[in-house]
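Colleague: just coords:
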């Protein structure tokens with residue numbers, strides 16, 4: 001690679017990291033829901049390359065242990081990225097972490 005190509009690649013990687021950090025921060029602060037981020041991952045390659053465990057740990061009241069337990073229970077590999085989730089895994093994650101103010105129990 002030429003110096004110019006390396007510089008462009010570095011810039012693209014930095015921009016991707018910044019966008020992934022923005023998405024995780026939006027989850028942390030409640031500006032975005034997990035369902036919104038999963039939907040965005042279907043359209044946005046940068047978000048799609050975010051690790052599932054990192055997204056889960058960005059949710060309020062979810063740490064490394066809870067994220068790992070949920071992923072194990074839902075049969076999601078620890079190194080899985082958002083793009084690699086199946087439709088059943090995506091639905092299970094949305095059910096596990098509903099938007100604030102939304103009841104997880106449909107009969108409630």
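Modeller: Thanks, I have it. Worth saying up front: this structure is predicted, and the values here are computed from it rather than measured.

Colleague: now do the helices in this structure.
Modeller: 3-29, 34-43, 45-48, 52-58, 64-73, 87-96 (DSSP state H).

Colleague: can you list the buried residues in the second one?
Modeller: When neighbours are counted by 16 or more other Cβ atoms under 10 Å, the buried residues of helix 34-43 are found to be 34-35, 37-38, 40-41. From N, CA and C alone the C-beta is placed, and that goes for glycine too.

Colleague: roughly how far is it from the heart of the chain?
Modeller: 8 Å (Cα atoms, centre = their mean, to the nearest Å).

Colleague: what does that helix contact?
Modeller: With Cβ atoms under 8 Å, 6 or more residues apart in numbering as the test, helix 34-43 has contacts from 23, 26-27, 47-48, 50, 55, 59, 82-83, 85, 90, 93-94, 97, 99.

Colleague: ok so, going back, want to try TSV for the buried residues of helix 34-43, with pLDDT and distance to residue 75 as columns?
Modeller: Compiled in TSV, the buried residues of helix 34-43 are given as follows (pLDDT from 0 to 100; distance: Cβ to Cβ, whole Å):
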residue	pLDDT	distance to residue 75
34	94	18
35	94	20
37	95	20
38	94	17
40	94	23
41	94	19
